[in-house]
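Trainee: predicted model, plus sequence, below.
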Amino acid sequence: MQEILEYILKNYSSASKIIEVGVGNYTEVLTKLKEKIDGEVTGVDIKDLKGIDRDDIFNPELEIYRGAELIYALRPEPELYPALKRIASSVKADLIIRPFSGDCCFDIEGLKLVNYGREFFYIMKG
C-alpha cells in the first residue's frame, strides 16, 4: 500500500478533507496521511471503531462526506463500488478504489484503471 499512499500524498497533499471508507483494522494509510497532511483526514466504517466515524454507505449520512476532495477505499468488496461512486458523486469528490488483486482489471463504469508503481487502483474524478 506504499504506492497508493505516495500517490495520495503527491496528488492530494493540499486537500482540505480526505476520507477513507471501510477502514476496518488496517489503519496504516490513514495514520500516515494524518501525519503528513495538514487538512482533515478521517475514516468511516460501518462498525464502531475507536477514532473512526460510523456510517453505512448504503444509507450514508452525506454531511460526513461534504467538503471532501478525496474519498478512498482500500480493498472493498465489489458490491460496495456503486455506493462509493454515489457518495463521491453526491459531494463532488474524487474517488480512489484499491481493489483486492483478484478484482483487478475489470471495467468499472465511470472509473479509470491506473497503474502506479507496483500498485493499481481505480479513480473517478469528482
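Mentor: Arrived safely. Residues are numbered from 1 along each chain as shown.

Trainee: every contact and neighbour count from this point should use C-alpha atoms.
Mentor: Noted.

Trainee: quick one: I4 is in a helix?
Mentor: Yes. Counting by DSSP: H, G, I helix; E, B strand; the rest coil, I4 is located in a helix.

Trainee: which residue, other than its chain neighbours, is closest to it?
Mentor: Closest residue to I4 in three dimensions, ignoring its sequence neighbours and counting by C-alpha to C-alpha, 6 or more residues apart in numbering: E119, at 6.9 Å.

Trainee: G67 now?
Mentor: Among residues not flanking G67 along the chain, K17 sits closest, at 6.4 Å (C-alpha to C-alpha, 6+ apart).

Trainee: quickly note the distance from that neighbour to P99.
Mentor: Between K17 and P99 the distance, using C-alpha to C-alpha, to the nearest Å, works out to 22 Å.

Trainee: three-state assignment of Y7?
Mentor: Secondary structure, three-state DSSP: Y7 is helix.

Trainee: got the contact list for it?
Mentor: Y116 (C-alpha atoms under 8 Å, 6 or more residues apart in numbering).
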